[in-house]
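sequence-free structure coming up:
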């Protein structure tokens with residue numbers, strides 16, 4: 001096994017800036033880590049499921065998620081790793097809304113270019129529970 005490249009280490013550091021900003025509801029700071037052409041997918045059939053393109057669309061999706069959860073959504077990274085232009089995250093996602101509680105494992109995969117996120121996908125471990133919470 002080799003040590004992470006400088007590119008991978010820089011991408012992981014950018015991810016930590018992003019997640020810190022997201023958990024503080026600072027979407028302007030989140031946008032600073034995104035490439036103008038970002039493509040992002042939140043899978044499923046719930047009202048938050050989407051495939052966005054561009055920073056405005058992605059930030060709008062994040063705003064909807066924040067609003068739908070009454071700003072209770074929190075992402076807690078438990079393991080973060082970088083390899084080349086990819087950052088892999090395993091963590092916990094939690095939120096509450098309308099008497100429901102979301103507390104589950106999830107993965108996120110990002111692809112970076114030039115120090116910014118150009119592509120990402122959220123992968124809930126239990127997509128059925130994830131969809132049920134947001135419905």
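Structure's in. What do you need? None of the values given here were measured: they were computed from a predicted structure.

state the helix or strand in which residue 78 lies.
Using DSSP states H and E, residue 78 sits within strand 74-83.

now do the helix or strand that that strand is followed by: everything it contacts.
The first helix or strand that comes after strand 74-83 along the chain, using DSSP H and E, is strand 86-97. For strand 86-97, contacts defined as CB atoms under 8 Å, 6 or more residues apart in numbering pick out 8, 11-12, 15, 19, 68-70, 72-82, 101-112, 124, 130, 133. For the C-beta atoms, the positions are set from N, CA and C on the backbone; glycine is no exception.

show me the residues you listed that map onto strands.
74-82, 101-112, 124 (DSSP state E).

re earlier: just the buried residues of the contacts of strand 86-97.
Among the contacts of strand 86-97, those scoring as buried are 8, 11-12, 15, 19, 68-69, 73-75, 80, 82, 102, 104, 106, 108, 110-112, 124, 130, 133 (criterion: 16 or more other CB atoms under 10 Å).

ok, residue 25 - contacts?
66, 71 are the contacts of residue 25 under CB under 8 Å, 6+ apart.

go again with 10 Å.
62-63, 66, 71, 73 (CB atoms under 10 Å, 6 or more residues apart in numbering).

that one belongs to a strand?
No. With DSSP: H, G, I helix; E, B strand; the rest coil as the criterion, residue 25 is coil rather than part of a strand.

look up phi and psi at it.
phi 60, psi 30 (degrees, to the nearest 10).

is it possible to mark the buried ones in the contacts of residue 25?
Buried by 16+ other CB under 10 Å: 62, 66, 73, out of the contacts of residue 25.

coming back round to it: which one of the contacts of residue 25 is nearest to residue 29?
Closest approach to residue 29 among the contacts of residue 25 (CB to CB): residue 62, at 11.7 Å.

I'd assumed residue 40 was in contact with that closest one.
Yes. With contact defined as CB atoms under 10 Å, residue 62 counts as touching residue 40 (9.2 Å).

touching both of those two, which residues are there?
By CB under 10 Å, 6+ apart, the residues touching both residue 62 and residue 40 are residue 52.

this completes my enquiry, with thanks.
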